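S.K.: give me a model of this one.
(one chain, ligands or ions: 1)
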Amino acid sequence: MSRIILHVDMDSFYASIEKRENSNLEYQPVIVVQGPKEGRSVVAACSYEARKYGVISGMPLQTAKKLCPDATYKDANHDLYEETSSRIMDILRKHTDKFEKVSIDEAYLDVTSRVNNYKEAEKMSRKIKHIIKRKEKLTSSIGIAPNKTIAKIASANQKPDGITIVTPEKAKIFLNPLPVEKLPGVGKKTAQELRKLGIKTILDIIEKPKVILVERFGKNGVWIWNIANGIDETPVEESEDVKSISREITLEEDTNNWMIIYKVLNPIIVDVHRRTESENLLFRTIGITLTFEDFHKITRSKTLQKHTSSNQIIQENVRQLLKEFQQEPKKIRHVGVRLSNLKPKEVAEPSLDKYI
Ligand SMILES: [Mg+2]
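M.R.: Modelled structure (predicted):
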């Protein structure tokens, strides 16, 4: 049976939250900045007004300042964004039994068992948008489609504050004229390679025999050909990886002075620990991320025998995991800590002696 899937995506999430917090920023270009110091900071998010000047996420702050010197620049306030996100995810979860958080401001909802048709799915989407708007004063965009890929492309189709419905009958009309870059998983490089085969649009893909894409891209070619044809069976399910609490930071300057690195890590550890406490969670896996000066990135993790809530255990394991890299001559640029394998703390069981 055909599914009905919603992809809900908040509109310029961080920048919209900053606007909500400061009413005088309405209609103004707002740029949220990530990073410790002028020279190394990047744009974490920008409002639609700032995008008109050519500012995009991931751009160095200095470039953004040249393009849009009059914007309001705000340091990223991750605690505020996380708190807002978790309230929004709670609203979304209530509308489905199959839910998948994709990122801080994006989720899939399989609503097949909750609605009878696309009309009802549209009604539900309006309601969801309305609730988020009323409770959080933020707008979102929703794509409604028979699978995740089309729903994701659809949610971006009428941003901000839009709803785009792509029924199975309309899927081809919707997909065919789009440039290949719109397909999730087709980055700049793949798009370039596709162009060499004379492929620019999704229609160009489906007019080629599948075998040509498979020969050129292997397994990825199968995926590209399938999604171009509107075929995507991946289920909506919360992945283990997303069920984690993490925090990362770019160092003020690249260093291999481990005293400094540990000093930076301490508040991060305190923060991820505090978040497990506030959400009443236990964790079993502790992970680290390191990015070196040449942008080479590594991750390591340790899974414990049993779940815990101990800050001390995070400290010890982070140190243990980092040991491997302490002789590394390359300097470190970025560090992060991640807790995963989470489960809710159980309510303390009444002690047995009460009953005997
Ligand atoms: Mg978004």
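S.K.: any chance you could map the strands in the stretch 251-356 of the chain?
M.R.: Secondary structure of the stretch 251-356 of the chain (DSSP state E, counting those that start in this stretch): strands at 281-292, 297-308, 332-340, 343-344.
S.K.: format those strands as CSV; extra columns: mean pLDDT and distance to the ion.
M.R.: Placement of C-beta: from N, CA and C, glycine included. Converted to CSV, these look like this (pLDDT from 0 to 100; distance: least, C-beta to the ion, whole Å):
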stretch, mean pLDDT, distance to the ion
strand 281-292, 91, 23
strand 297-308, 89, 23
strand 332-340, 92, 21
strand 343-344, 81, 28
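S.K.: next, format those as JSON lines and append mean neighbour count.
M.R.: Listed next are the strands of the stretch 251-356 of the chain as JSON lines, based on neighbours: other C-beta atoms under 10 Å:
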{"stretch": "strand 281-292", "mean neighbour count": "20"}
{"stretch": "strand 297-308", "mean neighbour count": "13"}
{"stretch": "strand 332-340", "mean neighbour count": "20"}
{"stretch": "strand 343-344", "mean neighbour count": "11"}
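S.K.: next, count neighbours for Gly54.
M.R.: Gly54 has 12 neighbouring residues, counting by other C-beta atoms under 10 Å.
S.K.: sorry, slip of the keys, the one I care about is Tyr118.
M.R.: 19.
S.K.: can you tell me the closest non-neighbouring residue to it?
M.R.: Thr167 (5.2 Å; C-beta to C-beta, 6 or more residues apart in numbering).
S.K.: that neighbour and Lys119 touch, don't they?
M.R.: No. Look at Thr167 against Lys119 with C-beta atoms under 8 Å: they stay out of range, at 10.0 Å.
S.K.: okay, those two: which has more neighbours?
M.R.: Between Thr167 and Lys119, counted using other C-beta under 10 Å, Thr167 has the larger neighbour count: 17 against 10.
S.K.: closest point of the stretch 101-250 of the chain to the ion, which residue?
M.R.: The ion sits closest to Asp105 of the stretch 101-250 of the chain, with a gap of 4.4 Å, by C-beta to the ion.
S.K.: dump the residue contacts of that residue.
M.R.: Going by C-beta atoms under 8 Å, 6 or more residues apart in numbering, Asp105 touches 9-10, 13, 85, 88.
S.K.: can we see that at 7 Å?
M.R.: Asp105 makes contact with 9-10, 13, 85, according to C-beta atoms under 7 Å, 6 or more residues apart in numbering.
S.K.: what does Lys345 give?
M.R.: Listed by C-beta under 7 Å, 6+ apart, the contact set of Lys345 reads 280-282, 309.
S.K.: what's it sitting at in phi/psi?
M.R.: Lys345 adopts backbone torsions of phi -70, psi 130, taken as degrees, to the nearest 10.
S.K.: and the pLDDT at it?
M.R.: Listed pLDDT for Lys345 reads 79.
S.K.: now do the end-to-end distance for stretch 102-109.
M.R.: 11 Å (C-alpha to C-alpha, to the nearest Å).
S.K.: ditto for stretch 7-16
M.R.: Across stretch 7-16, first to last residue, C-alpha to C-alpha, it's 19 Å.
S.K.: any bit of that stretch sitting next to the ion?
M.R.: Yes. Stretch 7-16 reaches the ion (C-beta under 5 Å from the ion) through 9-10.
S.K.: what mean pLDDT would you report for that stretch?
M.R.: On average, stretch 7-16 scores 97.
S.K.: then stretch 311-322?
M.R.: Here the average pLDDT along stretch 311-322 is 95.
S.K.: rewinding a little: of all the strands of the stretch 251-356 of the chain, which one comes closest to Val42?
M.R.: Val42 sits nearest to strand 332-340 of all those, at 11.2 Å, using C-beta to C-beta.
S.K.: adjacent strands (with direction) for the closest one?
M.R.: Sheet pairing for strand 332-340, assigned by DSSP bridges, gives strand 245-255 (antiparallel), strand 281-292 (antiparallel).
S.K.: could I get these as CSV with distance to Leu339?
M.R.: Formatted as CSV, the strands paired with strand 332-340 follow (distance: least, C-beta to C-beta, whole Å):
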stretch, distance to Leu339
strand 245-255, 5
strand 281-292, 4
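S.K.: hmm, Met59 is touching Val43, no?
M.R.: Yes. Under the criterion of C-beta atoms under 7 Å, Met59 makes contact with Val43 at 4.7 Å.
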